[in-house]
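> how does the following fold in three dimensions:
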Amino acid sequence: MKTKPNSPYYSHITSEIHESARIGEGSKIWNYSQIRENVVIGKNCILGKNVYIDFGVTIGDNVKIQNNCSIFHGTTIENGVFIGPHVVFTNDKYPRAINTDGSLKGDSDWKVGKITVKSGASVGAGSIILPDVTIGSNSMVGAGSVVTRDVDGGTLVYGNPARLQQSE
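Numbering: from 1, shown residues only. Prediction:
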């Protein structure tokens, strides 16, 4: 057990947590997870095995993130959200390694796209969330979906691209 004495949260010995990260009371961070600098994680969260949280990400209270998820900077996850296994939150609509002149791209060569997941939403296993998207409160994204546009609160979307599903 890696948890520091008197720590308000649990972290597995194999997890990597940057010293500037703030993690709320009762949260649990499991095997091989990496929490980068300036991350904020609320109370009573569970981060499964091999979860990557990029710098500057904010996660609310009572959030459950399953194994093998990648959450890149520009993402905000509100309270009570469920993230299924192998979900990826991206942040670049036009990813490239190099500029047109062949030089390696740097931080100033691209624009971070924002993603917001509102309270109570659920994102199914294996989904990919593209940048500049808001997933509404209490909505559900079906497993394996590719979310390319905003999801209204209280709705179910799934597919590639994810589309609104009508209730029967």
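> in terms of pLDDT, where does the closest residue to residue 115 other than its chain neighbours sit?
Of all residues not flanking residue 115 in the chain, residue 75 sits nearest, at 4.6 Å (CB to CB, 6 or more residues apart in numbering). (C-beta placed from N, C-alpha, C; glycine too.) You'll see residue 75 listed with a pLDDT of 98.
> now swap in the one 3 residues further on and tell me
Reported pLDDT at residue 78 in the predicted model: 98.
> equivalent analysis for residue 125, please.
Residue 125 is assigned 98 on the pLDDT scale.
> follow-up on the earlier one: mind checking how far the residue nearest to residue 115 is from residue 134?
Distance, residue 75 to residue 134, by CB to CB, to the nearest Å: 11 Å.
> can you tell me how far residue 40 sits from residue 108?
Using CB to CB, residue 40 is found at 25 Å from residue 108.
> mind checking which of the two has more residues around it?
residue 40 (16 against 6; other CB atoms under 10 Å).
> partner residues bridging that one?
Beta-bridge pairing for residue 40 (DSSP bridges): residue 22, residue 58.
> most centrally placed residue in this protein?
Nearest residue to the geometric centre of the chain (CA atoms, centre = their mean): residue 71, 3.4 Å.
> my guess is that one contacts residue 53. True?
Yes: look at residue 71 against residue 53 with CB atoms under 8 Å: they come within range, at 5.2 Å.
> identify the contacts common to the two.
residue 59 (CB atoms under 8 Å, 6 or more residues apart in numbering).
> quick one: the helices in the chain?
Assigned by DSSP state H, the chain shows no helices.
> ok, the residue of the chain most remote from its centre to residue 111 distance?
For the chain, the residue at maximal distance from the C-alpha centroid (CA atoms, centre = their mean) is residue 101, at 32.8 Å. According to CB to CB, residue 101 and residue 111 sit 19 Å apart.
> contacting residues around residue 109?
Neighbouring residues of residue 109 by CB under 8 Å, 6+ apart: residue 99.
> next, count neighbours for residue 93.
Counted with other CB under 10 Å, residue 93 comes out at 12.
> contact partners for it?
Counting by CB under 8 Å, 6+ apart, residue 93 makes contact with 113, 130, 131, 132.
> try residue 45
By CB under 8 Å, 6+ apart, the residues touching residue 45 are 23, 24, 27, 28, 59, 61, 62, 63, 64, 65.
> do I have it right that the fifth one meets residue 35?
Same thing as residue 59. No: Residue 59 is not in contact with residue 35 according to CB under 8 Å; the separation is 9.7 Å.
> perfect, that will be all.
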